[in-house]
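Engineer: quick one, structure for this:
(chains A and B)
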Number of protein chains: 2
Amino acid sequence: MGDVAILGAGAGGCAAAAVLARHGLEVTLFSRAPERLEAIRDRGGLEITGDRGDGFVPIAHLTSDIADAGRAAFLLIFTVANAHAALSHLLAPRVRVDHVVLLASGSAGSLEVARIWREGGLTRMPLLGETATLPQSARMIGPAQVKIRFPWTVRTAAFPARNSPELVERLGDFGALLRTLQAKNVLDTGLNNPNFIIHPAPMVLNYAAIERADGALSLMNEGMTEAVLRAMDAHDRERMALQAAAGLMPISLDDLYREFGSSPAIYRSPGEPMGLRDCIHFRYIDEDIPYGSVFMSSLGRLLGVPTPINDALNTLASIARGVDYWASGRTVERLGIAGLRGAALQRYLETGER
Amino acid sequence: MGDVAILGAGAGGCAAAAVLARHGLEVTLFSRAPERLEAIRDRGGLEITGDRGDGFVPIAHLTSDIADAGRAAFLLIFTVANAHAALSHLLAPRVRVDHVVLLASGSAGSLEVARIWREGGLTRMPLLGETATLPQSARMIGPAQVKIRFPWTVRTAAFPARNSPELVERLGDFGALLRTLQAKNVLDTGLNNPNFIIHPAPMVLNYAAIERADGALSLMNEGMTEAVLRAMDAHDRERMALQAAAGLMPISLDDLYREFGSSPAIYRSPGEPMGLRDCIHFRYIDEDIPYGSVFMSSLGRLLGVPTPINDALNTLASIARGVDYWASGRTVERLGIAGLRGAALQRYLETGER
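Structural biologist: From the prediction side, this is the model:
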């Protein structure tokens, strides 16, 4: 197999880079922000700790030049969903038909990436797809030090979905990083990111407390009160109704956690999954409202499914945070599926053709 | 002037009973729950403290018999809005055309009371009206002991509004209790209850923290974070848009506080207005969501004004609290104004005729 570029040098990207480099792959770690790479460059690689073992892993190439990253055979995008569109534009001139491009996690972003590339004139698409969530939990515990927890089994799909078997097969070589489970399509992966449920309602109902604590509130330890769990469960039922309307098999958040090898206890019982007191500072809603709840509200409009809870979370999070997530978030228009319903939507997801 | 019955023996009712009894009126204090009157009966009256002076005030009559209360010339209803409908049914057989019935505060409930009485066959209506809010802040600080803060200047209107001058004049005798300011109609009073803004958004964004504190969180001291004030202000702008669409002069919450003799500092600066650490236990949303936010959402549908913030608060408060406020709250149907728009609505508010 060819070499691999990891795009995004946050905790998820650093963890992926370290795991794959340790596995013997030639890894290029890309970040648009050179300063994010400085400490890793100074150290010559990454310290890892946690479930994937402890130790030092040299990273061959660090770069902020998208052309460098584009030379790799595999482009694994580990940025937050907020960066998908910008990265698509950066990558557009460099994407080749023999590339494998994976959004991890995707949030149905494959549809947006494909739309941007198509509208940019790209006619021969790479093998493109996404996972439902990060293949492992990770936190930076130092500038070049990352704590890693579990390799999860994550739903994975290609766009178009007829390419999913090939995508899953080619990702098989990344077994050290990723245990894939083939999903029906990229709405299936998009609707099965657990963060879209465990973050928005808990964040909104804890909003003022998080402000008072200047972010130092552990959502999983302190935030999951009875009412919060009730709100989360209602939010989850709304997500399942969307899955059913999208022709998918609904799966509850609890079963989703079981599926990827964890347990609902991770949020239903007090306990900090990463063993860290997590400084939240609203990053849990900066991604999960616009790319989770706004996406679900927009999909609900398309599919005729009421989404009062997603709507409520979008509205209150936007006002509280002072950011119009309704305007910046992921909509069916941005995904290029506005107006597509029923068989036409299914055909597009499966074949990429309208 | 005749004697007066105070209906409702919570803090507001007890404060009103004590103030008026001290002023020399013959007061009957009514509560549907006999146990609420026990301590007052044992003591022979109420201890008061606060801005209206300190001392003991005998209360002439205590009763749980609505017929007793109905004998008074003035019926002043000091219950939460949740009890308006039930009280209307209780009072229906006893209401006389020479009664003066005042809801304090009203929350546009005069419309619901009139509808219930009309549908019950009452043809000659009493002089009926409401205030926008309680004429004074009050807290029970013992079973027969009430702390009173300020007499406010409160918007007051009759339904129909053509009776407002007469209502305001007749209430003039209650100057010790009430400083009235004639409002345009009972939508004006209904939309100018400050509790409808200072409670819902702050409660929802502090919800989990209140749960964790078992209610012992002072909303005014701790709850008013930057984001909470931002949400409250946005909620207030939605309220003002409703006022404009209802043909009223919009007034901001801050100006409303100034109008009734207080200051926005009461919620914009940390400080507990009653000098008490307030045990909230969700009573701030049990009334203010169904009779404030649901009312505003429903009125918005009638008037064609979007109410995303009220909608969001109704949805999240209902889920968090496990109560369907959308179903139990005050709607234009319950107020008897469904389908009434523009001139027809104004005429009904002014004359009571369709």
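Engineer: alpha carbons only for contacts and neighbour counts from here, please
Structural biologist: Noted.
Engineer: so does the helix or strand hosting A:Leu316 get close to chain B?
Structural biologist: Element membership of A:Leu316, judged by DSSP states H and E, is helix A:308-321. Yes - Helix A:308-321 lies within reach of chain B by C-alpha under 8 Å from any C-alpha of the partner chain, at A:Pro308, A:Ile309, A:Asp311, A:Ala312, A:Leu313, A:Thr315, A:Leu316, A:Ile319, A:Ala320, A:Arg321.
Engineer: of those, which is the most crowded?
Structural biologist: Per-residue neighbour counts (other C-alpha atoms under 10 Å in any protein chain shown) across the residues of helix A:308-321 next to chain B peak at A:Leu316, which has 28 neighbours.
Engineer: check the gap between that one and B:Ala39 for me.
Structural biologist: Counting by C-alpha to C-alpha, to the nearest Å, the separation of A:Leu316 from B:Ala39 is 43 Å.
Engineer: any buried residues in the next helix or strand after the helix holding A:Leu316, and which?
Structural biologist: Next along the chain after helix A:308-321, taking DSSP H and E as the criterion, comes helix A:325-328. Buried residues in helix A:325-328, counted by 16 or more other C-alpha atoms under 10 Å in any protein chain shown: A:Tyr325, A:Trp326.
Engineer: list of residues touching helix A:325-328?
Structural biologist: A:Ile289, A:Pro290, A:Val294, A:Asn314, A:Thr315, A:Ala317, A:Ser318 (C-alpha atoms under 8 Å, 6 or more residues apart in numbering or on different chains).
Engineer: top of those by neighbour count?
Structural biologist: A:Ile289 (31 neighbours).
Engineer: pretty sure it is in a helix, no?
Structural biologist: Yes - assessed with DSSP: H, G, I helix; E, B strand; the rest coil, A:Ile289 lies in a helix.
Engineer: could you tell me which residues of chain A lie near chain B?
Structural biologist: Near chain B, when you scan chain A using C-alpha under 8 Å from any C-alpha, you find A:204-209, A:211-212, A:223-225, A:227-228, A:230-231, A:234, A:308-309, A:311-313, A:315-316, A:319-322.
Engineer: hang on, the earlier thing: now the two most distant members of the residues of helix A:308-321 next to chain B.
Structural biologist: A:Pro308 and A:Arg321 (19.6 Å; C-alpha to C-alpha).
Engineer: okay, which residue is most central for chain A?
Structural biologist: Chain A has A:Ser105 as the residue nearest its centroid, 2.3 Å off, counting by C-alpha atoms, centre = their mean.
Engineer: strands of the stretch 101-250 of chain A, start to end?
Structural biologist: Ranges of strands within the stretch 101-250 of chain A are A:127-131, A:137-142, A:145-149, A:153-158, A:179-182, based on DSSP state E, counting those that start in this stretch.
Engineer: now do stretch A:102-113: distance to the chain's middle.
Structural biologist: Its chain's average C-alpha position is 7 Å from that of stretch A:102-113, according to C-alpha atoms, centre = their mean, to the nearest Å.
Engineer: contact partners of that stretch?
Structural biologist: Residues outside stretch A:102-113 that contact it (C-alpha under 8 Å, 6+ apart): A:74-81, A:84-85, A:88, A:128-135, A:158-159, A:186-187, A:189-191, A:193, A:291-292, A:334-336.
Engineer: next one: stretch A:160-177
Structural biologist: Contacts of stretch A:160-177 (C-alpha under 8 Å, 6+ apart): A:1, A:16, A:19-20, A:23, A:100, A:127-129, A:135-136, A:151, A:156-158, A:178-186, A:348-352.
Engineer: can you check stretch A:341-351 too?
Structural biologist: Contact with stretch A:341-351 is made by A:Phe159, A:Pro160, A:Ala161, A:Arg162, A:Asn185, A:Val186, A:Ala246, A:Leu302, A:Leu303, A:Ile337, A:Glu353, A:Arg354, as judged by C-alpha under 8 Å, 6+ apart.
Engineer: at 10 Å instead, please
Structural biologist: Identification of contacts with stretch A:341-351 by C-alpha atoms under 10 Å, 6 or more residues apart in numbering or on different chains yields A:111, A:158-164, A:184-187, A:245-247, A:302-304, A:337-340, A:352-354.
Engineer: out of the residues you listed, which end up buried?
Structural biologist: A:111, A:158-164, A:184-187, A:245-246, A:302-303, A:337, A:340.
Engineer: for the longest helix belonging to chain A, buried residues please.
Structural biologist: Ranked by residue count under DSSP state H, the longest helix found in chain A is helix A:226-245. Using 16+ other C-alpha under 10 Å as the test for burial, helix A:226-245 gives A:227-243, A:245.
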